[in-house]
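1. sharing a model prediction with you, sequence too.
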Amino acid sequence: MIDGFKHKGKREQLVQLLRDKGIEDELVLNAINQVPRHLFMDSAFEEFAYKDQAFPIAAGQTISHPFTVAKQSSLLHVMKGDKVLEVGTGSGYQAAVLVEMGAEVYTIERQKELFDFSQRIFKKIKIRPKYSTYGDGYKGLPSFAPFDRIIVTAGSSTIPKTLLKQLKIGGIMVIPIGNENQMMTTFMRIGERDFEKMEFGDCQFVPMLERREK
Ligand code: SAH
């Protein structure tokens, strides 16, 4: 599959839709305008790639709605050069958006099938995270910590303390917290032991699960 004029035109329409839905961060909108989302999905779904819909990828997982990707990316307040940890690589689309925003991206996926899938796409589109690995995101990446930003793209029933510890002071983590439905939540680390929590409404993600799976 290629990235042609038709796809670029559809991306521009998607960006306009996201603006209409309240996304204002130009760094985010520009990245969504650049990253060919259709290449992260099965070619059978190509015509849906630029609609604001979530879609099945492999292993029973989903590529998030473009609005969700835009919202989570905006809440991160990424600055160029920020070191960002993503938990839940999935298709790799969110990671690619962060790379396009100028972040240095470290990403973890617990499903081998999806990890392999995302590696193939990163190679193909030449938008690559700095580091991509197969493992349990609950553990974070202590050897690369601390991070300016952490984004969790699966719903966690608890607040993962291990991840909070890997945040720089002044850093932000965005994570959906809850079981079937989650609350989009951010934590800003304001001191060694102090975090400021904010909530941004209901959302629905696949669950964050412990341990990696073959
Ligand atoms: N960011 C992805 C969305 C993927 S859905 C995208 O842009 O396509 C959430 C992903 O989180 C799934 O692929 C799931 O396997 C993964 N996941 C769930 N729990 C995890 C964990 N503990 N560590 C790493 N990945 C996890």
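-> Structure's in. What do you need?

2. quick check: residues of this protein near the ligand?
-> Neighbours of the ligand within the chain, by Cβ under 6 Å from any ligand atom: 61-64, 87-88, 90-91, 93-94, 108-111, 114, 136-138, 153-154, 206, 208-210. Using the backbone N, CA and C atoms, a C-beta is placed for each residue, glycine as well.

3. repeat the analysis, applying 5 Å as the threshold.
-> Counting by Cβ under 5 Å from any ligand atom, the chain comes close to the ligand at 61, 63-64, 88, 90-91, 93-94, 108-111, 114, 136-138, 153-154, 208-209.

4. which ones among these map onto helices?
-> In helices, defined here by DSSP state H, the members of these are 93-94, 114.

5. which of those ranks first by neighbour count?
-> residue 93 (26 neighbours; other Cβ atoms under 10 Å).

6. show me what contacts the one residue sitting closest to the centre of the chain?
-> In the chain, the centroid-proximal residue (Cα atoms, centre = their mean) is residue 94; its distance is 3.6 Å. The neighbourhood of residue 94, defined by Cβ atoms under 8 Å, 6 or more residues apart in numbering, consists of 64, 69, 72-73, 86, 88, 151, 153.

7. low-confidence regions, the protein specifically.
-> Low-confidence segments of the chain (pLDDT under 70): 1.

8. how distant is the longest strand anywhere in the chain from the center of its chain?
-> The residue-count maximum for a strand in the chain (DSSP state E) belongs to strand 167-178. The chain centre lies 13 Å from the centre of strand 167-178; the measure is Cα atoms, centre = their mean, to the nearest Å.

9. just stretch 90-108 next, same as before
-> For stretch 90-108, the distance to the chain centre is 7 Å (Cα atoms, centre = their mean).

10. any buried residues in that stretch, and which?
-> Residues of stretch 90-108 classed as buried by neighbour count (16 or more other Cβ atoms under 10 Å): 90-101, 103-108.

11. can you check stretch 126-143 too?
-> Neighbour-count burial for stretch 126-143 [16+ other Cβ under 10 Å]: 127-129, 132, 134, 136-141.

12. now residue 102: how far from residue 130?
-> Note on residue 102: its distance to residue 130, by Cβ to Cβ, to the nearest Å, is 12 Å.

13. next one: residue 138
-> 21 Å.

14. which residues does the nearest residue to residue 156 once chain neighbours are set aside contact?
-> Distance criterion Cβ to Cβ, 6 or more residues apart in numbering; nearest residue to residue 156, sequence neighbours excluded, is residue 208 at 4.2 Å. Residues near residue 208 by Cβ under 8 Å, 6+ apart: 87-88, 137-138, 152, 154-157, 160.
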